[in-house]
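Colleague: Provided below are the primary sequence and the corresponding predicted coordinates.
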Amino acid sequence: MTNMRPTGAALMEKLVSLCKRRGFIFQSSEIYGGINGFWDYGPLGVELKNNLRDAWWDVMVRNPPPGPDGQELQIVGLDCSIISHPRVWEASGHVGGFSDPMQTCRTCKKLFRADHVDELLEEAEWRKALFDAVMEAPADPRKDLRRWAEGKGSKLAPGLPLVQNPAAALASLPTNVHGVPLFRVLLGAVSPCPNCGGELTEPRQFNLMFETHVGAVRDDESKAYLRPETAQGMFYNFKNVLDSSRVKVPFGIAQVGRSFRNEVTPRNYVFRSREFDQMELEWFCHPSEATKWYDFWRSERFRWWESLGLAGENLRLRDHETDELAHYAKDSGGCCDVEYAFPFSGEKGFSELEGVAYRSDFDLTQHSKTSGVKLDYFDQERNERYVPHVIEPAAGLTRGLLAVLCEAYTVDPSRPSPELMRFHPRLAPIKAGVFPLVAKDGLPEIAEALYKDIRRRVGPAQFDEKQSIGKRYARMDEAGTPFCITVDGNTKEDQTVTVRHRDTGEQSRLEIDAVIPYLRQRIGLE
């Protein structure tokens with residue numbers, strides 16, 4: 001099979017189109033024009049997301065891997081409320097420090113994260129158009145640049161000095177400067193607005209938490225926040241978990257849930273959105289063993305993403321440099337990221353998929369100080385009381401879904417539909433398609449009975465008797481269905497069906513009674 005898929009922005013355009021057409025992801029409130037940074041998951045998307053969530057929960061809570069010493073790990077689950085007491089976020093540092101430097105365009109009034117301006121500028125349509133105009137201009141470019149400023153530039157970059165006052169901008173151009181140096185002169189010494197080319201303000205801090213109010217009265221006393229992360233609920237419930245269960249340090253608390261961040265420039269599809277899902281584990285251990293556990297989770301989490309098909313050159317494990325470390329990790333064992341080569345990752349090549357951080361005792365200590373409740377632990381085996389240190393593998397479920405979509409997207413012009421999604425069978429939204437070859441001779445009845453059995457014993461399946469078998473295969477390929485089963489004339493004679501494999505297109509005959517165990521084994525249910 002030849003994979004002729006596009007790259008970069010062209011790949012994202014194709015993928016976004018397929019995701020909407022096939023019901024993976026929709027723009028939220030689309031009939032009202034949509035709302036930036038919010039997304040809805042359609043029939044296939046919610047199945048894919050839930051399958052990824054369940055795979056994480058299974059390997060982290062229900063069937064965790066053996067630890068470094070080969071012993072079974074103790075990990076319990078938690079589901080905390082989205083709104084917590086506001087002092088939770090004071091203790092965690094989010095009220096005072098969870099902010100980004102922002103810049104506002106003086107012309108179009110748009111807000112931008114200061115650390116995103118250069119990257120957004122690289123993608124700006126007006127910048128690309130101006131670059132082309134400069135590179136195509138003759139030795140004396142003033143006449144051509146004025147024509148650009150009064151034409152295309154006036155529509156694309158109304159805030160650019162060259163557009164607002166062409167005469168002054170062109171009069172100040174140095175002589176004998178051409179090509180890229182001239183382009184840099186026109187951009188100016190300070191990065192302009194990615195949207196219109198206007199002047200940006202100096203950076204100022206902007207808090208990323210969504211505010212709300214609890215109760216009937218809207219005042220400072222009723223102010224609360226939508227959680228910006230799921231982690232804090234596991235810290236303030238540390239004592240509750242200890243008192244109500246039989247866990248002993250080392251142990252973990254896991255949670256999957258929704259978080260909210262008031263991103264000023266949400267972008268790159270669902271990668272950076274204002275409402276998103278996280279999958280986080282807080283692993284509590286003795287301070288002397290923290291480095292051992294950090295190394296364990298660092299390797300284990302990378303292997304897990306590899307097991308889902310995100311292997312090879314698109315996945316890497318990167319340790320943070322000293323100047324990247326979060327405040328809670330500067331004096332501990334550090335942080336690392338599992339990163340994926342998303343199509344929009346640009347010059348960096350990779351973007352964060354999951355972070356593994358050694359948080360030391362920062363969170364438990366802060367909550368203990370703020371609440372006045374001791375969050376330490378008495379270790380009977382060591383005869384020692386201490387505040388456990390924490391290793392945190394924190395994965396983005398939403399980002400994970402996007403990585404799975406990007407990895408799965410494949411182009412094969414030889415197929416009825418040139419686009420197919422090569423999901424890992426365990427993650428596939430539909431496990432099998434079941435087709436009667438023709439809608440007569442009792443074949444639909446046999447196929448429908450098999451379809452119902454697959455739904456009950458394997459997972460989501462689809463029964464389809466409309467149009468040609470090739471078009472039915474095409475629909476299943478676009479949905480990422482790993483197996484298609486066709487009931488034909490021979491089925492009534494020898495009780496066999498045709499099983500078609502998505503990735504190779506190969507077909508084989510299988511006894512109808514063997515279909516269920518065949519699917520369960522290949523999907524990973526047995």
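Modeller: Now that the structure is in, tell me what you want to look at.
Colleague: per-residue confidence at Asp331?
Modeller: For Asp331, the pLDDT comes out at 58.
Colleague: next one: stretch 298-315 to chain centre, how far?
Modeller: Here stretch 298-315 is found 15 Å from its chain centre; the criterion is CA atoms, centre = their mean, to the nearest Å.
Colleague: output it as CSV, restricted to C-alpha atoms.
Modeller: What follows is stretch 298-315, C-alpha atoms only, in CSV (Å, rounded to 0.1, in the frame of the first residue of the first chain):
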residue,chain,number,x,y,z
ARG,A,298,9.3,8.2,32.5
SER,A,299,10.0,5.0,30.6
GLU,A,300,6.6,3.4,31.2
ARG,A,301,4.5,6.2,29.8
PHE,A,302,6.6,6.4,26.7
ARG,A,303,6.2,2.7,26.1
TRP,A,304,2.4,3.0,26.5
TRP,A,305,2.0,5.5,23.7
GLU,A,306,4.3,3.3,21.6
SER,A,307,1.9,0.4,22.2
LEU,A,308,-1.0,2.4,20.7
GLY,A,309,0.8,2.8,17.4
LEU,A,310,2.5,6.1,18.0
ALA,A,311,6.0,4.6,17.4
GLY,A,312,8.9,5.5,15.2
GLU,A,313,10.1,8.9,14.2
ASN,A,314,6.9,10.7,15.2
LEU,A,315,7.3,10.0,18.9
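Colleague: pLDDT of it, averaged?
Modeller: 94.
Colleague: what sits up against that stretch?
Modeller: By CB atoms under 8 Å, 6 or more residues apart in numbering, the list of residues contacting stretch 298-315 from outside reads 52, 55-56, 59, 65, 317, 336, 338-341, 353-354, 356, 393, 395, 400, 403-404, 407-408, 422-424, 426-427. C-betas here are computed from N, CA, C, even on glycine.
Colleague: from those, list the buried ones, please.
Modeller: Neighbour-count burial (16 or more other CB atoms under 10 Å) applied to the contacts of stretch 298-315 gives 52, 55-56, 59, 317, 336, 338-341, 353-354, 356, 393, 395, 400, 403-404, 407-408, 422-424, 426-427.
Colleague: what is whichever strand or helix holds Leu186 packed up against?
Modeller: Assigned by DSSP states H and E, Leu186 belongs to helix 179-187. Counting contacts by 3 or more CB pairs under 8 Å, 6 or more residues apart in numbering; DSSP states H and E, helix 179-187 is packed against helix 125-136.
Colleague: which outside residues touch the helix it packs on?
Modeller: Residues outside helix 125-136 that contact it (CB under 8 Å, 6+ apart) are 121, 141, 144-145, 148, 152-153, 156-157, 160, 162, 179-180, 182-183, 186-187, 194, 196-197.
Colleague: please flag which of those residues sit within strands.
Modeller: If you go by DSSP state E, these have nothing in strands.
Colleague: how close does Glu122 get to Leu519?
Modeller: Distance of Glu122 to Leu519, computed by CB to CB, to the nearest Å: 46 Å.
Colleague: kindly report the same for Arg415.
Modeller: 22 Å.
Colleague: okay, these two: which has more neighbours?
Modeller: Remark: of Arg415 and Leu519, Leu519 carries more neighbours, 24 against 18, as counted by other CB atoms under 10 Å.
Colleague: residues in contact with that one?
Modeller: Taking CB under 8 Å, 6+ apart as the test, what Leu519 contacts is Lys431, Ala432, Ile454, Val458, Phe483.
Colleague: and the pLDDT for it?
Modeller: 97.
Colleague: what do you get for the one 4 residues further on?
Modeller: Predicted confidence (pLDDT) for Ile523: 94.
Colleague: and it, what does it touch?
Modeller: Residues near Ile523 by CB under 8 Å, 6+ apart: Pro425, Arg426, Ala428, Lys431, Val458, Gly459, Pro482.
Colleague: ok, Leu11 next?
Modeller: Arg5, Pro343, Cys406, Tyr409.
Colleague: put the buried members of those into a PyMOL selection.
Modeller: To isolate the buried subset of the contacts of Leu11 in PyMOL, counting by 16+ other CB under 10 Å, use the following:
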select buried, resi 5+343+406+409
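Colleague: export the contacts of Leu11 to CSV and tack on secondary structure and pLDDT?
Modeller: Conversion of the contacts of Leu11 to CSV gives the following (DSSP: H, G, I helix; E, B strand; the rest coil; pLDDT from 0 to 100):
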residue, secondary structure, pLDDT
Arg5, coil, 84
Pro343, coil, 94
Cys406, helix, 97
Tyr409, strand, 97
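Colleague: closest to Ala290 out of the contacts of Leu11?
Modeller: Nearest to Ala290 among the contacts of Leu11 is Cys406, at 33.9 Å by CB to CB.
Colleague: so, low pLDDT: which residues of the chain?
Modeller: Regions of the chain meeting the criterion pLDDT under 70 cover residues 1-3, 96-99, 139, 175-180, 189, 323-333.
Colleague: first-to-last residue distance for stretch 84-102?
Modeller: One end of stretch 84-102 sits 27 Å from the other (CA to CA, to the nearest Å).
Colleague: re the thing from before, buried subset of the contacts of helix 125-136 as a ChimeraX selection?
Modeller: In ChimeraX syntax, the buried subset of the contacts of helix 125-136 is picked out as below (16+ other CB under 10 Å):
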select :121,141,145,148,152,153,156,157,160,162,182,183,186,187,194,196,197
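Colleague: among the contacts of helix 125-136, name the ones in helices.
Modeller: Among the contacts of helix 125-136, DSSP state H puts 121, 144-145, 148, 152-153, 156, 162, 179-180, 182-183, 186-187 in helices.
Colleague: which of these lies closest to Ile31?
Modeller: Leu156 (29.1 Å).
Colleague: so how many other residues sit close to the residue lying closest to that closest one once chain neighbours are set aside?
Modeller: The shortest distance from Leu156 to any non-neighbouring residue, by CB to CB, 6 or more residues apart in numbering, is to Trp126 (3.6 Å). Neighbours of Trp126 under the rule other CB under 10 Å: 23.
Colleague: for Trp126, give its distance to Asp243.
Modeller: Trp126 is 60 Å from Asp243, where distance means CB to CB.
Colleague: equivalent analysis for Leu308, please.
Modeller: Leu308 sits at a distance of 36 Å from Asp243 (criterion: CB to CB).
Colleague: and these two? which has more neighbours close in?
Modeller: Higher neighbour count among Leu308 and Asp243: Leu308, with 20 against 7, using other CB under 10 Å.
Colleague: need the distance between the two termini of stretch 420-427.
Modeller: One end of stretch 420-427 to the other measures 15 Å (CA to CA).
Colleague: sorry, that was for stretch 385-404
Modeller: 44 Å.
Colleague: tell me how far that stretch lies from the chain's centre.
Modeller: That offset, for stretch 385-404, works out to 13 Å (CA atoms, centre = their mean).
Colleague: got it, and stretch 160-180?
Modeller: 42 Å.
Colleague: just the buried positions in it, please.
Modeller: Buried-residue list, stretch 160-180, by 16+ other CB under 10 Å: Leu160, Pro161, Leu162, Val163, Gln164, Pro166, Ala169, Leu170.
Colleague: could I get the residues you listed as JSON lines with distance to Ser360?
Modeller: Compiled in JSON lines, the buried residues of stretch 160-180 are given as follows (distance: CB to CB, whole Å):
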{"residue": "Leu160", "distance to Ser360": "48"}
{"residue": "Pro161", "distance to Ser360": "49"}
{"residue": "Leu162", "distance to Ser360": "52"}
{"residue": "Val163", "distance to Ser360": "52"}
{"residue": "Gln164", "distance to Ser360": "52"}
{"residue": "Pro166", "distance to Ser360": "57"}
{"residue": "Ala169", "distance to Ser360": "53"}
{"residue": "Leu170", "distance to Ser360": "58"}
